[in-house]
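Peer 1: kindly return the folded structure for what I paste below:
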Amino acid sequence: MFVDSPSGSDARRSPAAVADYRIIRALGAGSHGVCYLAQAPDRLALDVEHVALKVFSNPVGEDAFHRGVRELRTFSEVRSQYLLGLIEVALGDQFMYSMDYIPGGSMAAPAMPLQRDQALAVLEGAARGAHDMHEAGLVHGDIKPANVMIGGDGDGPTGVLSALGLARVITAATAVSGVGSSATLEFADPDMLVGQTPSRATDLWALGATIHRTMTGEGLYGELPDMQPLVAIRTVQSTKPKLSAALSPAERDLVSECLAPHSDRFRTAAELADRIAEIRAADGR
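Peer 2: Numbering: from 1, shown residues only. Coordinates of the predicted model:
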């Protein structure tokens, strides 16, 4: 459901409510907004009590709102078990959208520790979600550990990719705001800093960087300075990514192929997911 309704207070002050969503607590914050755990309003008639509510920090004009709605509507029409379900989009004081809440947390902040095989299973799901988006003509544009949610049931965890990065759609196209915070630069294909259009290939880079960070706890460029975006950009542009010794040989080869020149990367995110599945199978023998 997509509606145009008023939103509430500035999300950065952890409001008691945003529109008719009652805020329970903050789930996390990024360079463009805050994600909250919220109680779903009765008008939605949902069979769940809680949803996740993403509220963008800066005001958004009507044209940008409609661009965001179009992107999210297309995203919501992709049928995939590996993509987070969207509920509604609204514009009031700020742009916001609600989506399914997954209590398992994200790969940036798991609700419970994951074994190595479980982490690989989640990352495989994220890659399959990216492939399903690509096949529908969409590029995610903001794949990172915080956007890889940990779903699953009694059969074990699986990865669910959260909604596409809208910063490039509803904010001014500058080098930093278009890619994200300094920390987010770690997961952005360096070619995007010089004007490369987001694509399957750039999402594959992001998946490789996400795999590296979640499997090793280390960044490809060390730890980028979060409060010094220009320093972070120069580091990314002038430093070759360094792979951690904590990766297994198979994982190292996989990440290397994600970070290779565009023509040498996996052709699709499904190929990447299949490779992760092979590594899991081999580790289980």
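
Peer 1: where in the stretch 51-200 of the chain is pLDDT low?
Peer 2: Along the stretch 51-200 of the chain, segments meeting pLDDT under 70 span 165-183.

Peer 1: which parts of it are strands?
Peer 2: 86-91, 95-100, 105-106, 109-110, 148-153, 156-161 (DSSP state E, counting those that start in this stretch).

Peer 1: where do the helices of the stretch 51-200 of the chain begin and end?
Peer 2: Taking DSSP state H, counting those that start in this stretch to define them, one finds helices in the stretch 51-200 of the chain at 62-76, 116-135, 167-170, 200-216.

Peer 1: can you put those helices in CSV and add mean neighbour count and distance to residue 194?
Peer 2: For every residue, glycine as well, the C-beta is placed using N, CA and C. CSV is the format used below for the helices of the stretch 51-200 of the chain (neighbours: other C-beta atoms under 10 Å; distance: least, C-beta to C-beta, whole Å):
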stretch, mean neighbour count, distance to residue 194
helix 62-76, 16, 24
helix 116-135, 23, 23
helix 167-170, 20, 15
helix 200-216, 24, 12
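
Peer 1: figure out which of the ones you listed is closest to residue 275.
Peer 2: helix 116-135 (8.8 Å; C-beta to C-beta).

Peer 1: now do the closest one and helix 200-216, the angle between them.
Peer 2: Calculated by axes from the mean of the first three to the mean of the last three C-alpha atoms, to 10 degrees, helix 116-135 forms an angle of 170 degrees with helix 200-216.

Peer 1: off-centre distance for helix 116-135?
Peer 2: Centroid displacement of helix 116-135 relative to its chain, using C-alpha atoms, centre = their mean, to the nearest Å, is 12 Å.

Peer 1: again, but for stretch 234-248
Peer 2: 21 Å.

Peer 1: CA atoms only: put that stretch into CSV for me.
Peer 2: Provided in CSV are the C-alpha atoms of stretch 234-248 (Å, rounded to 0.1, in the frame of the first residue of the first chain):
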residue,chain,number,x,y,z
ARG,A,234,40.9,9.8,-1.2
THR,A,235,41.7,6.6,0.6
VAL,A,236,39.3,4.6,-1.5
GLN,A,237,40.5,6.2,-4.7
SER,A,238,44.2,5.7,-3.9
THR,A,239,44.4,2.5,-2.0
LYS,A,240,44.1,-1.0,-3.4
PRO,A,241,41.6,-3.2,-1.4
LYS,A,242,43.4,-5.6,0.9
LEU,A,243,41.9,-9.0,1.6
SER,A,244,42.1,-10.3,5.1
ALA,A,245,44.1,-13.4,6.0
ALA,A,246,41.0,-14.6,7.9
LEU,A,247,39.3,-15.6,4.7
SER,A,248,39.6,-19.2,3.6
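
Peer 1: make CSV from the helices of the stretch 51-200 of the chain and add distance to residue 85 to it.
Peer 2: Supplementary listing: the helices of the stretch 51-200 of the chain in CSV, determined by distance: least, C-beta to C-beta, whole Å:
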stretch, distance to residue 85
helix 62-76, 7
helix 116-135, 12
helix 167-170, 20
helix 200-216, 20
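
Peer 1: and these: which comes nearest residue 158?
Peer 2: Across the helices of the stretch 51-200 of the chain, residue 158 has its closest neighbour in helix 116-135 (4.3 Å, C-beta to C-beta).

Peer 1: on that earlier part again, which of the helices of the stretch 51-200 of the chain sits closest to residue 152?
Peer 2: helix 116-135 (7.9 Å).

Peer 1: so what does the closest one touch, helix or strand wise?
Peer 2: Applying 3 or more C-beta pairs under 8 Å, 6 or more residues apart in numbering; DSSP states H and E, one finds that helix 116-135 contacts strand 148-153, strand 156-161, helix 200-216, helix 269-284.

Peer 1: go again with 10 Å.
Peer 2: With contacts taken as 3 or more C-beta pairs under 10 Å, 6 or more residues apart in numbering; DSSP states H and E, helix 116-135 sits against strand 109-110, strand 148-153, strand 156-161, helix 200-216, helix 249-259, helix 269-284.

Peer 1: lowest average pLDDT across these?
Peer 2: For the helices and strands packed on helix 116-135, mean pLDDT drops lowest on strand 148-153, to a mean of 90.

Peer 1: present the strands of the stretch 51-200 of the chain as TSV; the columns should include distance to residue 125.
Peer 2: Converted to TSV, these look like this (distance: least, C-beta to C-beta, whole Å):
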stretch	distance to residue 125
strand 86-91	18
strand 95-100	14
strand 105-106	12
strand 109-110	14
strand 148-153	7
strand 156-161	3
